[in-house]
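Novice: model this:
(one chain, ligands or ions: 2)
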Amino acid sequence: MRRCHAIVPAAGVGKRMGAAIPKQYLPLAGRPVLEHTLACLLAEPRIAGIVVALGAEDAWWPTLQLGDRRRITRVEGGAERADSVMNALRALDGVADAEDWVLVHDAARPCLPRADLERLFCELADDPVGGLLAAPVRDTMKRAGDGPRVAATVDRSGLWHALTPQMFRFALLREALAAALAARVAITDEASAIEWFGLQPRLVEGSAANLKITRPEDLRLAEFFLTLP
Ligand SMILES: Nc1ccn([C@@H]2O[C@H](COP(=O)(O)OP(=O)(O)OP(=O)(O)O)[C@@H](O)[C@H]2O)c(=O)n1
Ligand SMILES: C[C@](O)(CO)[C@H](O)COP(=O)(O)O
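Specialist: Numbers count the residues shown, from 1 in each chain. Ligands and ions are numbered 1, 2, ... in the order given. Predicted structure coming up:
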């Protein structure tokens with residue numbers, strides 16, 4: 001498999017969490033959330049290095065206990081997640097070759113099962129586009145109308161929750177994301193930039209344990225998922 005570079009967007013403020021500090025620094029099973037996320041990626045030998053996008057006001061980064069900071073490069077994040085990822089991609093100019101893989105994983109997803117990361121690498125190894133971990137929707141889906149009233153039930157067949165990591169070739173992701181941002185397209189994940197560019201990312205089924213810590217109740221769930229093998 002071609003060399004792989006990881007990007008961890010960690011420059012959010014965690015508005016929906018409503019905590020006194022950004023959620024990626026909240027304690028989880030005795031360690032900050034971001035430490036768990038980075039430890040998982042640092043343990044993967046196929047990842048050559050990690051570019052972490054941090055908030056301009058981030059004063060917590062130096063407090064992290066990390067195994068190997070030499071494999072980690074820091075960049076300043078941007079206004080939106082996509083801007084943070086773009087800043088990290090620019091830091092790979094002159095480092096990553098065009099066909100190298102770039103794996104983007106949210107700082108707020110500390111429970112990534114190793115089996116899911118392995119499945120992503122295996123299923124995408126020779127894929128011409130790249131893809132993402134995703135989980136099929138299990139519930140009936142409703143679309144809200146005016147007020148808290150149902151406007152419609154949405155056919156859930158073929159609907160998936162996009163997770164991370166999402167993995168694409170460096171040149172393709174850099175060009176697609178830069179073009180989408182320049183066109184002011186709403187980009188909330190890397191796959192949507194690739195789709196806007198006219199390609200179809202591969203869906204690789206992943207575990208619902210790989211949740212994104214977003215609201216306070218997610219921390220207790222994450223603590224439980226970290227106990228699973
Ligand atoms: N400008 C931003 C916004 C988000 N992120 C990162 O993108 C990931 C997923 O974003 P989200 O869950 O939305 O995090 P926040 O933006 O911090 O949450 P909120 O929307 O509640 O403020 C997080 O690891 C977050 O740190 C980022 O690097 N740069
Ligand atoms: C990228 C992502 O994790 C895919 O589900 C998610 O979109 C990031 O969270 P956000 O709230 O959209 O920034």
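
Novice: ok, which stretches of the protein are helices?
Specialist: Using DSSP state H, the helices of the chain run over 33-42, 81-91, 114-124, 170-182, 190-196, 217-225.

Novice: for the ones you listed, give me JSON lines that also has distance to residue 49 and mean neighbour count.
Specialist: Where you see a C-beta, it was placed from the backbone N, CA and C, and this is true even at glycine. Formatted as JSON lines, those follow (distance: least, C-beta to C-beta, whole Å; neighbours: other C-beta atoms under 10 Å):
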{"stretch": "helix 33-42", "distance to residue 49": "10", "mean neighbour count": "22"}
{"stretch": "helix 81-91", "distance to residue 49": "10", "mean neighbour count": "22"}
{"stretch": "helix 114-124", "distance to residue 49": "16", "mean neighbour count": "17"}
{"stretch": "helix 170-182", "distance to residue 49": "12", "mean neighbour count": "18"}
{"stretch": "helix 190-196", "distance to residue 49": "18", "mean neighbour count": "23"}
{"stretch": "helix 217-225", "distance to residue 49": "26", "mean neighbour count": "15"}
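
Novice: determine which of these approaches ligand 2 most closely.
Specialist: In terms of C-beta to the nearest ligand atom, the element of the helices of the chain nearest to ligand 2 is helix 81-91, at 4.5 Å.

Novice: please state the offset of that closest one from the chain centre?
Specialist: Distance of helix 81-91 from its chain centroid, counting by C-alpha atoms, centre = their mean, to the nearest Å, is 12 Å.

Novice: so is it next to ligand 2?
Specialist: Yes: contact check for helix 81-91 against ligand 2, using C-beta under 6 Å from any ligand atom: residues in range are residue 81.

Novice: which helices and strands does that helix pack with?
Specialist: Applying 3 or more C-beta pairs under 8 Å, 6 or more residues apart in numbering; DSSP states H and E, we find helix 81-91 packed against strand 4-10, strand 47-54, strand 72-76, helix 170-182.

Novice: the residue of the chain found nearest ligand 1: neighbouring residues, count only.
Specialist: Using C-beta to the nearest ligand atom, the closest approach of the chain to ligand 1 is made by residue 12 at 2.1 Å. Residue crowding around residue 12 was assessed by other C-beta atoms under 10 Å; the count is 21.

Novice: same check, this time on residue 164
Specialist: Residues lying near residue 164 (other C-beta under 10 Å) number 27.

Novice: next: the one 5 residues further on.
Specialist: Number of residues near residue 169 (other C-beta under 10 Å) recorded here: 21.

Novice: give the contact list for it.
Specialist: Contact analysis of residue 169 by C-beta atoms under 8 Å, 6 or more residues apart in numbering lists 2, 98-102, 130.

Novice: what bridges to it?
Specialist: Beta bridges link residue 169 to residue 101, judged by DSSP bridges.

Novice: picking up where we left off before, the helices and strands packed on helix 81-91: which one's closest to residue 213?
Specialist: Taking C-beta to C-beta, strand 4-10 is the member of the helices and strands packed on helix 81-91 nearest to residue 213, at 11.9 Å.
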